[in-house]
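Visitor: Requesting a structural model of the entry that follows:
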Amino acid sequence: MEMEFDVKVTAGVLYDYLLYHTYTGLSGMIGTLVGAVLIMTFLSTNYFIYLIAGVVLIAYLPGALFLRAMRQVQNTPAFKKPLHYKMTEEGISVSQGDTEEKQSWDSCVKAVSTSRSIILYTSKTAASIFPKRDLGDKKEALIQMISTHMPPKKVKIRF
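Guide: A predicted model of the protein is given here:
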């Protein structure tokens, strides 16, 4: 089985990935937890400094991630044009113009989904992002291909 498709990484798509990556990691969870504790502390003490600190902690991270996604899309030449993906039995290749990179299925770390994308991690911090809007009717085939070539414990894709 083999499939090919093009994806365009926009600021919205990258923001969705950054939110997922951050809030499923330890720092995102701790930041949210500390913010919530500060707000609860305000409710019991009525010291506004706790409310302000809690709101800043909870609101800062999504805002900072949004700005980062905007800057990254504007400043990264690879995001200016669509990326062409080819999925084969051997692995994944991504190309743009004359540049092509290949990755074997064995080197893929995990596959997850968000409401907007399917994300295939190729390392702990690097990933291929497949926006569902760009996949169209190939979404099911992509999920099947990933599920076939990766161990079930590494695939956490919701339909």
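Visitor: C-alpha only now, for contacts and for neighbours.
Guide: Fine.
Visitor: Contact partners for residue 130?
Guide: Applying C-alpha atoms under 8 Å, 6 or more residues apart in numbering to residue 130 gives the contacts 7, 117, 118, 119.
Visitor: ok, now with 10 Å
Guide: Residue 130 makes contacts with 5-9, 13, 17, 83, 85, 113, 116-120, 139, 142, as judged by C-alpha atoms under 10 Å, 6 or more residues apart in numbering.
Visitor: from those, which would you call buried?
Guide: Among the contacts of residue 130, those scoring as buried are 5-9, 13, 17, 83, 85, 113, 117-120, 139, 142 (criterion: 16 or more other C-alpha atoms under 10 Å).
Visitor: Restricted to strands, list those.
Guide: Of the buried ones among the contacts of residue 130, the ones assigned to strands by DSSP state E are 5, 6, 7, 83, 85, 113, 117, 118, 119, 120.
Visitor: does the first one have beta-bridge partners, and which?
Guide: It refers to residue 5. Counting by DSSP bridges, residue 5 is bridged to residue 85.
Visitor: quick revisit: what's the farthest-apart pair in the ones in strands among the buried ones among the contacts of residue 130?
Guide: For these, the farthest-apart pair by C-alpha to C-alpha is 83 and 113; their separation is 19.0 Å.
Visitor: can you pull the buried residues of the helix ranked longest in the chain?
Guide: Of all the segments of type helix in the chain, defined by DSSP state H, the longest one is helix 48-75. Residues of helix 48-75 classed as buried: 50-51, 53-55, 57-58, 61-62, 65-66, 68-70, 72-73 (neighbour count, 16+ other C-alpha under 10 Å).
Visitor: Flag the least confident of these.
Guide: Note: of the buried residues of helix 48-75, the lowest pLDDT belongs to residue 61, at 87.
Visitor: Just to check, that residue is in contact with residue 54?
Guide: No - when contacts are counted by C-alpha atoms under 10 Å, residue 61 is not listed as touching residue 54 (11.8 Å).
Visitor: Identify the contacts common to these two.
Guide: Joint contacts of residue 61 and residue 54 (C-alpha under 10 Å, 6+ apart) are 31, 32.
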